[in-house]
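Chemist: A structural model of the following input is requested.
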Amino acid sequence: MTRRARLAAVASAASCLLLACVFALSAQDIAPPGSEKLYSRPGHLWFEDASGSARVSPDGKWALVGRPRDFDFVSLAARKPDPARLQLGMQSVDLAVFCGNDLLREGKRGNEQGWFIPIEDKGLMLVTFKPGAVPLCSADAKVSAYFRAGVADAGLLLGNWKERKRVAIPGVITGAVFSPDAQYVYVLSSQPNGGTALSRVEVATNRVLSLARDLDAAHAFSPLGISADGARLYLSLAGLKLPDPAERQKPAASRFLDIYEFDLAAKRSRKLLASDIDKTAPTEVAGYLYWAQAVVHESIVVLPASGGAPREVVRDAFLPTWRRDGRQIGFVFGGWRHADWALNLDAGAIPVDEEARPAGERSVIISGNHEDFPPEWSPDGKWIAFHSHRAPAPVAFYDAPGSSDDIWLRSAADPAAPETRLTDFGWEVGSPSWSPDGRKLLFSSWDRKGAPGVYFLWVTTIDPETGKAVSSEKLPLPPEVKSPEWAVWSPSGEEIAIEDESGPGERTLWVLSASKLDRIISYKCETYGGLDWMPDGKTLLYGALDNGRMQIFSIARSGGAPARLTSDPAGLMHPRVSPDGRWIAATRHDAQTELWRKKL
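Modeler: Next comes the predicted model:
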């Protein structure tokens, strides 16, 4: 089905069907019968929280719950974190994995930085790995291995703590586990078609045996477990065979990761556990099956511009935008499904009245192959610009060959109108901001010729009559601006507000004009907090971390003390001011990383 036909079909469907599909995630069945939740850790980021996971020690006494650089080391007897035992005299611990019943830690000790293995009666020993290492070790901690996260064809590095040999494994390794007797390592790795392969590596000889291919798993980090007798593996899978890639692009597809058992002797799989949420990191300990769940609830909310309690406008949505007459709010929907990460995100909109209350049904505005972000309406209302990944045909994973990451333009009046690709150089692009005269679009992007993770600002000039791109250029920035993740034109068009990742866990709000750069404030934030101007250009809004949650703050353009506008028990970010200046729309984000178990 072509994109035009797909949109026409969506537009002709009854509104109740659209609502049923979009709201399906709000009634998730996340507690399989007979299961028990052991621990829950709140998140304070954004999409990153959806990747939260957990691991349990082989003796079942301890667990690691959370994300890299943001996790708890938990006593399962007390069901409380034990930070002192985690630190073990180190200044910082950024990552940790179980090595036997102890921990292999990555962090800083004195002048040393790296991975440290505990040695009986000798304390911690520094171990050398290549960057991005994901280590694992045998139950007796005598044999070790590691793979490199996200690095294609890097292989498995296998051996003892001082010397390892590379075992060739095609694709990106996404998970690995030793057998209890340390004779084998079982490895999951990505395939070019979007599937996942399961292999066995014999430790003594480094020989590789293929066990299964074309498994429907997450294309990113995917821990797996093994039974105490070494006869069965436990895998997180959406299925045992690959879906049609078009299924991956559907926001409402029920494609969650369930837990499967793989019988190593028979080379057969069966589903052990299913529910309407992704279940990751399965492992067996003392007759129990343990797993992790990242429970994320997102919605678009509005609150008065002066601050106060938010009220929900759109459930299961994030990243709000306003139509220029204030009578429609745009958003993204689809959810953070692990097996189809971001492929299933589309953009919608809902009409609102002058009190920013829903005044009709939500509708689909932008729908294509791969990720779509919300519409940014032009000042004259003629166009919508948006960030989108696009591919000629449905793709099987986020960075699949043939997919782009750029800024697009389309007529605002017709969802099925042709789309115009304005750029061809984007890489992790942010949402565009229109200049007040409707002739320029400002946006952030990595530089494909530079280092990943570092943002720059770009300006694309268009012909407002035809919507065609005239030129694109990288905006020269002073060296004080390190990595501008988000930028918005001021109402006058003479200044640009910038959210800059100025350091680990820190953002700086700058205002740039033709003649100078003003530092407004630095604040805690570890994700894309967002920012906006009040219509008079005298005040800025931004999302910042405070007391463990993202909240919305305002500050004068001239600087000074910020004002906290929200005190919500969930996180609030991505503030956008209505055109009349009366309302703030924001993303409300509530996330928990949970550890569960069930008797086998």
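
Chemist: Give me the distance between L188 and G171.
Modeler: To G171, L188 is 10 Å away according to CB to CB, to the nearest Å. (Glycine included, C-beta is placed from N, CA and C.)

Chemist: Now do the shared contacts for these two.
Modeler: A197 (CB atoms under 8 Å, 6 or more residues apart in numbering).

Chemist: give me the number of residues near G114?
Modeler: Applying other CB atoms under 10 Å, we find 14 residues neighbouring G114.

Chemist: returning to what we had before: neighbour count for L188 and G171, which is higher?
Modeler: Higher neighbour count among L188 and G171: L188, with 28 against 17, using other CB under 10 Å.

Chemist: Give the bridge partners for the more buried one, please.
Modeler: Beta-bridge pairing for L188 (DSSP bridges): G175, L198.

Chemist: burial measure for the residue nearest to S445 when sequence neighbours are not counted, as a count.
Modeler: Leaving aside its chain neighbours, S445 sits nearest to V429 (4.6 Å; criterion: CB to CB, 6 or more residues apart in numbering). Close neighbours of V429, defined as other CB under 10 Å, add up to 22.

Chemist: Would you mind pointing out the helix or strand V429 falls in?
Modeler: If you go by DSSP states H and E, V429 is not part of any helix or strand.

Chemist: Pretty sure R390 is one of the things it touches, is it not?
Modeler: No - the pair V429 / R390 is not scored as a contact, 11.4 Å apart, by CB atoms under 8 Å.

Chemist: list the residues that contact both of these two?
Modeler: Jointly contacting V429 and R390 under the rule CB under 8 Å, 6+ apart are D406.

Chemist: close enough to count as contact, Y523 and L545?
Modeler: Yes - contact between Y523 and L545 holds when scored by CB under 8 Å: they sit 7.5 Å apart.

Chemist: Could you pull up the residues touching F397?
Modeler: F397 touches 190, 194, 219, 341, 343, counting by CB under 8 Å, 6+ apart.

Chemist: Let me know the distance separating the third one from H387.
Modeler: Put plainly, it is H219. Distance from H219 to H387, by CB to CB: 21 Å.

Chemist: The two: which has the busier surroundings?
Modeler: Neighbours were counted for H219 and for H387 using other CB under 10 Å; H387 has more, 26 against 23.

Chemist: Mean confidence (pLDDT) on the helix or strand containing the more buried one, please.
Modeler: Per DSSP H and E: H387 is located in strand 383-388. Across strand 383-388, pLDDT averages out at 97.

Chemist: nearest residue to D346 other than its sequence neighbours?
Modeler: S367 (4.5 Å).

Chemist: quick one: that neighbour and A349 touch, right?
Modeler: No - counting by CB under 8 Å, S367 does not reach A349; the two are 12.0 Å apart.

Chemist: What is the end-to-end distance of stretch 170-179?
Modeler: 21 Å (CA to CA, to the nearest Å).

Chemist: hmm, who's touching it?
Modeler: Applying CB under 8 Å, 6+ apart, the contact partners of stretch 170-179 are 134, 136-139, 143, 145, 147-148, 150-156, 184-192, 196-197, 217-226, 230, 233.

Chemist: Quick one, which of the residues you listed are buried?
Modeler: The neighbour count (16 or more other CB atoms under 10 Å) marks 134, 136-139, 143, 145, 147-148, 150, 154-156, 184-191, 196-197, 217-226, 230, 233 as buried among the contacts of stretch 170-179.

Chemist: In strands, which of these appear?
Modeler: Per DSSP state E, strands hold the following members of those: 134, 136-137, 145, 147-148, 156, 184-190, 196-197, 225-226, 233.

Chemist: Give the buried residues for stretch 571-579.
Modeler: By 16+ other CB under 10 Å, the buried positions in stretch 571-579 come out as 571-578.

Chemist: Confirm G381 sits in a helix?
Modeler: No - G381 is assigned coil when assessed by DSSP: H, G, I helix; E, B strand; the rest coil, not a helix.

Chemist: Chain neighbours aside, what residue packs nearest to it?
Modeler: Using CB to CB, 6+ apart, the nearest residue to G381 is R324, at 5.2 Å.

Chemist: so which helix or strand takes in that neighbour?
Modeler: In this assignment (DSSP H and E), R324 forms part of neither any helix nor any strand.

Chemist: Next, the contact list for A487, please.
Modeler: A487 touches 430, 433, 442-444, 457, 496-499, counting by CB under 8 Å, 6+ apart.

Chemist: Correct me if wrong: D518 contacts T508.
Modeler: No - D518 lies out of contact with T508 (CB under 8 Å); the separation is 10.9 Å.

Chemist: which one of the two has more residues nearby?
Modeler: T508 (20 against 14).

Chemist: Y398 reaches N344, doesn't it?
Modeler: No - with contact defined as CB under 8 Å, Y398 does not count as touching N344 (11.0 Å).

Chemist: More neighbours: those two, which one.
Modeler: Per other CB under 10 Å, whichever of Y398 and N344 has more neighbours is N344, with 23 against 17.

Chemist: The more buried one: what's it in contact with?
Modeler: Residues in contact with N344 (CB under 8 Å, 6+ apart) are 248-251, 253, 334-335, 337.
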